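Chemist: coords below, sequence missing:
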């Protein structure tokens, strides 16, 4: 920009319906027809007896956590962390959430700090890497706009558009009839004032007219923004009001933002905003969608670079809060200016600090609560080798305007109209199939939920008849959590980081059965996670760790008093047949005796030792096997023989 309010006076800038309900009711009826082994109830009964296990506490905590019973989950996660065993980073996050539910914010914060350390601080805003080939990124984002010049441009400077109803309001220092323009000594150009031109439904722009004589002064006015009702205007002006000019310590008249109110068809009550200051510039206002936040550019104290973008709250009583810097995700050591908030809640701004094509480039960042996504260069042909700034767009029509001092312009700065033909956003489809972990069976109607990184629910869907699910409301390069749940299965949550390029991310989900129908021939040990009853070498007495596992079997039998169980003990082949048969038989009898002492009627139990006669692999006598392969044969089975 060759001559512009921001360059001239700012040294830093110049500036689920009823069908799903029916399915659930049908599932409820089917569920009630059978007897089940409920693993969670079993684990809870075991834990209540004082047995401690990382696996048990994790499953109990998860069962309550995924049901939203955070206070109950806290009990089991507290037990889990009290064991001081290594757990996945995600458990630190879950534990912190449950700690908040019971009011222990200090400890919750400690868990979050550990979570951040162990998970690589995955909640931090992603920063551009210095090694990133930004030109390839810009090239990929280019070609999405068709631009055209406007007849309203003059031979001087025209820039900084805003809508007021069906009118386009902009700044210009064009010559006007019957008026002697005051010349700026440092540019030999007139000061700018506001003009307005009508815009019809096809985007055709009428002849410009001076906007308001009550707003115009002998100094610069520019970059207005209007409230939705059209009755309040914020705009930029040199430090001049009510005939008084302000200067900084160097005797320079900087910029301030002013507010005006429309009364009886005239802009009146022009006042400067309370956070203005004679010693720094404040300029280029923009309003949030809810009209409760004002964005602007400034070099006020707290600025990271030459100029930064700030925001300030507009209170209900029309007072203002304290300005806040948008932070280093948006602002750099260079210049950031000309903020604009689209009706899709995106922040557009100009910068020479982020990687660009030359001068000011226009960037966009999504507003997500109080944070902003990494800025993205919107590409050519809007961005070019010169300065491109003052971007605005109506995302419904995809028509907008920006200003530039590119070489083929009519004046010093010109206003360009554009049509966006393709969204900038990277498009990703997150999809997969839900199956049974053990059998590979397709699981239809499993509920699959998508959460953002802050655990805010985005969407829930149900897997179709082929077990397929999909989400199309996902953003490239972001981290999501996908939670799958289905009756009779343990809820599973999977963390996924999407590619930063358009495409499809395949995320298959395998669920582990939690509840198994009671059937003759069923091995309870396998249902509860391949229980292994360990004995000391050549011994048959029940060790404490074996007692924990056997307690699970006892609880299942107590919960299902009609079933009878045959206890089968097996060994590996590393002894004689006779020795192994006798040892396994003693162990089977020892196991039965322990279960009887724990309250199971002896008539419900039978048992036998099979030694090495029923190996599950080829590790027979004379065959060399690993210890892990031998372990597979050293097993106990608890087979239901009557239900």
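Modeler: Perfect, thanks for sending it. Quantities reported herein were computed from a predicted structural model and do not represent experimental measurements. Numbers count the residues shown, from 1 in each chain.

Chemist: which residue ranges form the strands in the stretch 301-450 of the chain?
Modeler: 308-313, 324-325, 336-341, 346-351, 361-368, 371-372, 376-377, 388-394, 399-404, 414-420, 427-436, 447-451 (DSSP state E, counting those that start in this stretch).

Chemist: ok, which of the ones you listed comes nearest residue 557?
Modeler: Within the strands of the stretch 301-450 of the chain, the stretch nearest residue 557 is strand 427-436; the backing value is 25.6 Å (C-beta to C-beta). Heads up, the C-betas are built off the backbone N, CA and C, glycines and all.

Chemist: list the helices and strands that closest one packs on?
Modeler: strand 468-475, strand 479-485, strand 503-506, strand 509-511 (3 or more C-beta pairs under 8 Å, 6 or more residues apart in numbering; DSSP states H and E).

Chemist: if we use 10 Å, what do you get?
Modeler: strand 447-451, strand 468-475, strand 479-485, strand 492-497, strand 503-506, strand 509-511 (3 or more C-beta pairs under 10 Å, 6 or more residues apart in numbering; DSSP states H and E).

Chemist: could I get these as a markdown table with mean neighbour count, mean pLDDT and distance to residue 623?
Modeler: Listed next are these as a markdown table, based on neighbours: other C-beta atoms under 10 Å; pLDDT from 0 to 100; distance: least, C-beta to C-beta, whole Å:
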| stretch | mean neighbour count | mean pLDDT | distance to residue 623 |
| --- | --- | --- | --- |
| strand 447-451 | 20 | 95 | 45 |
| strand 468-475 | 16 | 89 | 44 |
| strand 479-485 | 19 | 94 | 41 |
| strand 492-497 | 16 | 93 | 38 |
| strand 503-506 | 13 | 88 | 40 |
| strand 509-511 | 20 | 95 | 33 |
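
Chemist: closest to residue 94 out of these?
Modeler: strand 492-497 (9.1 Å).

Chemist: now the angle from that closest one to strand 468-475?
Modeler: 40 degrees (axes from the mean of the first three to the mean of the last three C-alpha atoms, to 10 degrees).

Chemist: from the chain's centroid, how far away is the lengthiest helix in the chain?
Modeler: Identified as the longest helix of the chain according to DSSP state H is helix 577-597. The chain centre lies 55 Å from the centre of helix 577-597; the measure is C-alpha atoms, centre = their mean, to the nearest Å.

Chemist: show me what counts as buried in that helix.
Modeler: 580-595 (16 or more other C-beta atoms under 10 Å).

Chemist: go on, stretch 315-329?
Modeler: Buried, per 16+ other C-beta under 10 Å, within stretch 315-329: 323, 325, 326, 329.

Chemist: of all the residues you listed, which two lie farthest apart?
Modeler: 323 and 329 (17.1 Å).

Chemist: ranges for the helices of the stretch 51-200 of the chain?
Modeler: Shown for the stretch 51-200 of the chain, the helices assigned by DSSP state H, counting those that start in this stretch span residues 54-65, 70-82, 89-101, 105-118, 134-141.

Chemist: could you export those as a markdown table, including mean neighbour count and mean pLDDT?
Modeler: Below are those laid out as a markdown table (neighbours: other C-beta atoms under 10 Å; pLDDT from 0 to 100):
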| stretch | mean neighbour count | mean pLDDT |
| --- | --- | --- |
| helix 54-65 | 20 | 86 |
| helix 70-82 | 19 | 90 |
| helix 89-101 | 20 | 80 |
| helix 105-118 | 15 | 77 |
| helix 134-141 | 15 | 75 |
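
Chemist: please produce TSV containing these, extended by distance to residue 542.
Modeler: Formatted as TSV, the helices of the stretch 51-200 of the chain follow (distance: least, C-beta to C-beta, whole Å):
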stretch	distance to residue 542
helix 54-65	18
helix 70-82	23
helix 89-101	31
helix 105-118	37
helix 134-141	64
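
Chemist: so for residue 619, which of those sits nearest?
Modeler: Per C-beta to C-beta, nearest to residue 619 of those: helix 54-65, 26.8 Å.

Chemist: next, the angle from the closest one to strand 492-497.
Modeler: Using the same axes, to 10 degrees: helix 54-65 against strand 492-497 is 90 degrees.

Chemist: which strands and helices sit next to helix 54-65?
Modeler: Using 3+ C-beta pairs under 10 Å, 6+ apart: helix 54-65 touches helix 39-48, helix 70-82, helix 89-101, strand 492-497.

Chemist: turn those into a markdown table, including distance to residue 606.
Modeler: Output for the helices and strands packed on helix 54-65, formatted as a markdown table (distance: least, C-beta to C-beta, whole Å):
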| stretch | distance to residue 606 |
| --- | --- |
| helix 39-48 | 22 |
| helix 70-82 | 35 |
| helix 89-101 | 41 |
| strand 492-497 | 37 |
